[in-house]
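Enquirer: Sequence unavailable; structure follows:
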């Protein structure tokens, strides 16, 4: 029986393709030319060992009018974000970014100055996070797209999605919902005071990868983490599925910036749970380890729930009275119809 991608969804399709690749890797062995694959499809980055080094690789694509619009973003902001979202994946593994290769798909009518500005933004982000641009490719395309492949390294161990344990607390760095609030602000052309407007716009246009924070988590004994790109609930559902656990999220513990509360008072919790593109680190660990993380990091860390035994991938959201909450949205999926297991 044939099925359209929109019926299966982005993450359902990934799981189908993963079965094919995993079968081939298992059949042919995971070791090639002294490189041993440690982690493949299904995490923020692939991981392999080569000699004494652990290497990481991630890739991400941004498509015009899907991930960005030149009507409300500068090319420099687009360039910054294109690299930053990849660096965030390396941060989620506890790694250090190294080398980036960039592929551009461009209509022939694209202005040269626009691409120069794009690369200025990419380079600005690269300099901030010690990432070197080493080359790439360029093709003619009816739609503008930017694909970046990024390598990284770790000194030994690495963070992953599949190590959550029953009883772990769920924690997150920074605030949730600010990026999606910024997108709403931009798309709806809302007029706010200058400070609130700048804060929310920057949260969406210029995400700040939690690179040092990821390394600190690793050094303090955290084993499970990912970045929040598709929305807290959707991403936590992936983490729980990978770890064969379920989770409860306490809505009253969600870290939400005052600018979001002021601008969208009735929608703030939904934005925090499902908005996406915050690029904060979502992680789980025993309470004593998270206490150490809170003491050592200079940014806010909030405990927002707990890992439990139950249906793998199921995420329950409760209010301050422990009543189950229904969500208006469950997070980002490129093909829209896939739903995480949520109550």
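Expert: Thanks, I have it. Note that the structure is predicted; figures quoted are calculated from it, not measured.

Enquirer: what stretches of this protein score poorly on pLDDT?
Expert: Scanning the chain with the threshold set as pLDDT under 70 gives 1, 5, 7-8, 10-11, 13-14, 18-19, 21-35, 328-343.

Enquirer: can you rerun that using 90?
Expert: 1-37, 39-44, 50-53, 66, 155-156, 190-192, 326-343 (pLDDT under 90).

Enquirer: domain ranges for the chain?
Expert: If you go by automatic domain parsing, the domain ranges for the chain are 33-154, 169-318.

Enquirer: can those domains go into JSON lines with extra columns for distance to residue 15 and mean neighbour count?
Expert: To be clear about C-beta, it is placed using only N, CA and C from the backbone, and glycine gets the same treatment. Shown next, in JSON lines, are the domains of the chain (distance: least, C-beta to C-beta, whole Å; neighbours: other C-beta atoms under 10 Å):
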{"stretch": "domain 33-154", "distance to residue 15": "8", "mean neighbour count": "18"}
{"stretch": "domain 169-318", "distance to residue 15": "9", "mean neighbour count": "20"}
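
Enquirer: Would you format those domains as a markdown table with distance to residue 161 included?
Expert: A markdown table is the format used below for the domains of the chain (distance: least, C-beta to C-beta, whole Å):
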| stretch | distance to residue 161 |
| --- | --- |
| domain 33-154 | 5 |
| domain 169-318 | 4 |
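
Enquirer: List just the one of those domains that sits closest to residue 162.
Expert: With distances scored as C-beta to C-beta, the stretch of these nearest to residue 162 is domain 169-318 (4.2 Å).

Enquirer: Check the gap between the residue most central in space within the chain and residue 235 for me.
Expert: In the chain, the centroid-proximal residue (C-alpha atoms, centre = their mean) is residue 229; its distance is 3.2 Å. Residue 229 is 7 Å from residue 235, where distance means C-beta to C-beta, to the nearest Å.

Enquirer: for residue 290, same thing?
Expert: From residue 290 to residue 235 the distance is 18 Å (C-beta to C-beta).

Enquirer: Tell me which stretches of the stretch 1-150 of the chain form helices.
Expert: 5-8, 10-28, 75-92, 112-128 (DSSP state H, counting those that start in this stretch).

Enquirer: out of those, nearest to residue 317?
Expert: helix 10-28 (19.4 Å).

Enquirer: Now for the residue nearest to residue 74 when sequence neighbours are not counted: which residues touch it?
Expert: Spatial nearest neighbour of residue 74, chain neighbours left out: residue 117 (6.8 Å); criterion: C-beta to C-beta, 6 or more residues apart in numbering. Neighbouring residues of residue 117 by C-beta atoms under 8 Å, 6 or more residues apart in numbering: 74-76, 79.

Enquirer: For residue 251, see how far away residue 49 is.
Expert: 41 Å.

Enquirer: do the same with residue 146
Expert: 35 Å.
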